[in-house]
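Engineer: curious how this folds, go ahead:
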Amino acid sequence: VSILSGRFFVNFPSAKQYFSQFKHMEDPLEMERSLQLRKHARRVMGAINTVVENLNDSEKVSSVLALVGKAHAVKHKVEPIYFKKLTGVMLEVIAEEYADDFTPEAHGAWTKMKTLIYTHVTAVYKEVGWPQ
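Structural biologist: Predicted coordinates:
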């Protein structure tokens with residue numbers, strides 16, 4: 001989780017603007033040790049895990065991703081492109097961490113997951129009339 005968070009904020013430092021607790025941190029190690037960042041990363045991975053566990057239940061998947069999308073669009077005002085960036089970094093980290101098991105089929109499945117997340121989340125942004 002901390003590898004993903006660290007890589008994301010190093011690759012896309014502009015994303016820190018949405019996190020008042022660590023938006024001024026420059027040191028990736030300091031960010032990785034941030035309790036708030038770790039909590040957020042666990043929530044992100046928890047939501048992704050829920051989606052994976054419920055891939056055969058399209059209503060549950062839609063519901064989880066709609067909640068995520070609405071919170072980020074309405075409450076946090078996060079630009080939707082950051083979901084594409086985050087899921088791209090997630091795919092990179094998984095491929096590196098599990099290189100021996102990351103077959104072309106696994107890559108294809110995670111690429112579909114990345115698209116599923118982005119599609120559902122951005123649909124909510126459109127529903128709420130982004131930008132606000």
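
Engineer: contacts and neighbour counts: CA atoms only from here.
Structural biologist: Noted.

Engineer: quick one: buried residues of stretch 81-91?
Structural biologist: Residues of stretch 81-91 classed as buried by neighbour count (16 or more other C-alpha atoms under 10 Å): 83-91.

Engineer: does Tyr82 touch Ser14 like I think?
Structural biologist: No - judged on C-alpha atoms under 8 Å, Tyr82 makes no contact with Ser14 at a distance of 9.6 Å.

Engineer: the buried residues of stretch 81-91 in helices, which ones?
Structural biologist: Residues of the buried residues of stretch 81-91 located in helices (DSSP state H): 83-91.

Engineer: right, and the pair among those with maximum separation?
Structural biologist: For those, the farthest-apart pair by C-alpha to C-alpha is Phe83 and Leu91; their separation is 12.2 Å.

Engineer: gap between the residue nearest to the spatial centre of the chain and Glu59?
Structural biologist: Nearest to the geometric centre of the chain sits Leu86, at 4.6 Å (C-alpha atoms, centre = their mean). Leu86 sits 23 Å away from Glu59, taking C-alpha to C-alpha, to the nearest Å as the criterion.

Engineer: contacting residues around the residue nearest to the centre of the chain?
Structural biologist: By C-alpha atoms under 8 Å, 6 or more residues apart in numbering, the residues touching Leu86 are Phe8.

Engineer: roughly how far out does the one helix or strand in the chain whose mean pLDDT sits lowest sit from the chain middle?
Structural biologist: Ranking every helix and strand in the chain by mean pLDDT, DSSP states H and E puts helix 28-33 at the bottom, with a mean of 81. A distance of 18 Å separates the centroid of the chain from that of helix 28-33, by C-alpha atoms, centre = their mean, to the nearest Å.
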